[in-house]
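Asker: Just need the structure, nothing else, for what follows:
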Amino acid sequence: MGFFKSLFSREKKETLDKGLEKTKEGFFGKLRRMFVGRRTIDDDFLDELEEILITSDVGTETTIKIIDRIRDRAKRDQYVGSDELNDMLCEEISNMLAGADENPKGDFTIPEGRKPYVIMVVGVNGVGKTTTIGKLAHQYKSAGYKVMLGAADTFRAAAIEQLEEWGRRADVPIVKQQLGSDAAAVAYDTLASAVAQGYDVAIIDTAGRLHNKKGLMDELTKIKKSMAKVVPGAPDEVLLVLDGSTGQNAFEQARQFSAATQVTHLAITKLDGTAKGGVVIGISDQFQIPVKYIGLGEGINDLQVFNKREFVGSLFGKR
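Answerer: You can find the predicted model right below:
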């Protein structure tokens, strides 16, 4: 058992390393070149570090925090070489990521005594929202849970069909109504079915359009109230899906959705195809919302539970 657990962990690490290659080659490649021969941290060094962080979509606010902390640490710890700076940056960037790792083992589990565990998924069209739902369904089912999907994105014509396709791929049932139906009613029916049939996890898709803030807030609030009538306290998670390759657009989407509803967790997708992995750091810090999942490819297994130590360690080439 120990061998297989170790092997699985190693495979996840290899997938993470491969998925972050472009970010490592860009952002952290520049950092490594900066470190060579450095024995002091001066203003020129900090200016160059600031430019690298900002151009890697870490974000201005988070970059300033990192720079200030590095400056203070350098004075306090009497920095003497590139290895120390590498460790210092790794530690401070880890500290920027909101929250402790909720699931350090990196597996797909739900809290005991909560059935069904309800996840409401939000995000704009095109960020990989439906794909993330399908991958989540597959991972939870593979972990031994009974999973049901709810097609509450009744606004976009292809949304229901796409979710149906992912339901088939993950081999999980889906509750749906006609295009244009009341999204709250779909969510209600999904949870009613999940409760009646003893399902462990219910994942609810929602419309991905960013209309005015009040309209978005009203719609999401209505869906949440509808679900709470069936499962008190639902949803257990409000998961915001963001496309990591869009950089500053992802920041704006996080701002809009966190203003419209109480986002509890983030899923950052498409990190394998971008050099902008720094966006994970900035968004998590700026909005103080923990990243729970990261997408590292198109395959049904290419979704990982986020572990900030492993993430930052991979970026810095640490084992």
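Asker: For stretch 288-303, give the mean pLDDT please.
Answerer: Per-residue confidence for stretch 288-303 averages out to 88 on the pLDDT scale.
Asker: thought Arg209 was touching Thr154?
Answerer: No. The pair Arg209 and Thr154 fails to qualify as a contact (Cβ atoms under 8 Å) at a distance of 11.5 Å. Every residue, glycine included, has its C-beta placed from N, CA and C.
Asker: Between the two, which is the more surrounded one?
Answerer: Per other Cβ atoms under 10 Å, whichever of Arg209 and Thr154 has more neighbours is Thr154, with 22 against 13.
Asker: Backbone dihedrals for that one, both of them.
Answerer: According to degrees, to the nearest 10, the main-chain angles of Thr154 amount to phi -100, psi 10.
Asker: and the gap between it and Leu49?
Answerer: Between Thr154 and Leu49 the distance is 48 Å, computed by Cβ to Cβ, to the nearest Å.
Asker: For the chain, which segments are assigned as helices?
Answerer: Counting by DSSP state H, the chain forms helices over residues 2-19, 21-23, 29-35, 43-55, 60-77, 82-96, 129-142, 159-170, 183-196, 213-230, 248-260, 279-287, 308-315, given from the N-terminal end onward.
Asker: If I take the fifth one and helix 43-55, what angle do their directions form?
Answerer: This points to helix 60-77. Counting by axes from the mean of the first three to the mean of the last three Cα atoms, to 10 degrees, helix 60-77 lies at 150 degrees to helix 43-55.
Asker: Helix 60-77 packs against which elements?
Answerer: In this structure, helix 60-77 packs against helix 43-55, helix 82-96, helix 279-287, with contacts taken as 3 or more Cβ pairs under 8 Å, 6 or more residues apart in numbering; DSSP states H and E.
Asker: May I see those arranged in CSV, with distance to Leu271 as well?
Answerer: CSV is the format used below for the helices and strands packed on helix 60-77 (distance: least, Cβ to Cβ, whole Å):
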stretch, distance to Leu271
helix 43-55, 17
helix 82-96, 16
helix 279-287, 7
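Asker: Ranked by average pLDDT, which of those falls at the bottom?
Answerer: Ranked by mean pLDDT, the helices and strands packed on helix 60-77 bottom out at helix 82-96, with a mean of 82.
Asker: what angle do that one and helix 279-287 make?
Answerer: 50 degrees.
Asker: Give the buried residues for helix 82-96.
Answerer: Using 16 or more other Cβ atoms under 10 Å as the burial criterion, the residues of helix 82-96 that qualify are Glu84, Leu85, Asn86, Met88, Leu89, Cys90, Glu92, Ile93, Met96.
Asker: now stretch 166-177
Answerer: Neighbour-count burial for stretch 166-177 flags Trp166, Gly167, Ala170, Val172, Pro173, Ile174, Val175, Lys176, Gln177 (criterion: 16+ other Cβ under 10 Å).
Asker: how about the residues you listed, which pair is most distant?
Answerer: Using Cβ to Cβ, the buried residues of stretch 166-177 reach their maximum pairwise distance at Ala170 and Gln177, which is 20.4 Å.
Asker: beta partners of the residue nearest the centre of the chain?
Answerer: Centroid-nearest residue in the chain, with Cα atoms, centre = their mean: Ala267, separated by 2.1 Å. Here Ala267 shows beta-bridge partners Val241, Tyr293, assigned using DSSP bridges.
Asker: Tell me the pLDDT of it.
Answerer: 95.
Asker: pretty sure it is touching Val238, no?
Answerer: No. The criterion here is Cβ under 8 Å, and Ala267 misses it with Val238 at 11.2 Å.
Asker: Give me whichever of the helices of the chain is most buried.
Answerer: Of all the helices of the chain, helix 279-287 has the most neighbours on average by mean count of other Cβ atoms under 10 Å, namely a mean of 24.
Asker: I figured Leu149 hits Leu163, correct?
Answerer: Yes. Using Cβ under 8 Å, Leu149 makes contact with Leu163 at a distance of 6.0 Å.
Asker: list the residues that contact both of the two?
Answerer: Taking Cβ atoms under 8 Å, 6 or more residues apart in numbering as the contact criterion, the common neighbours of Leu149 and Leu163 are Ile133, Ile174, Asp205.
Asker: can I get the buried residues of helix 82-96 in CSV with distance to Ala192?
Answerer: Written out in CSV, the entries for the buried residues of helix 82-96 read as follows (distance: Cβ to Cβ, whole Å):
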residue, distance to Ala192
Glu84, 58
Leu85, 56
Asn86, 54
Met88, 53
Leu89, 50
Cys90, 48
Glu92, 48
Ile93, 44
Met96, 41
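Asker: and which of these is nearest to Val186?
Answerer: Met96 (37.7 Å).
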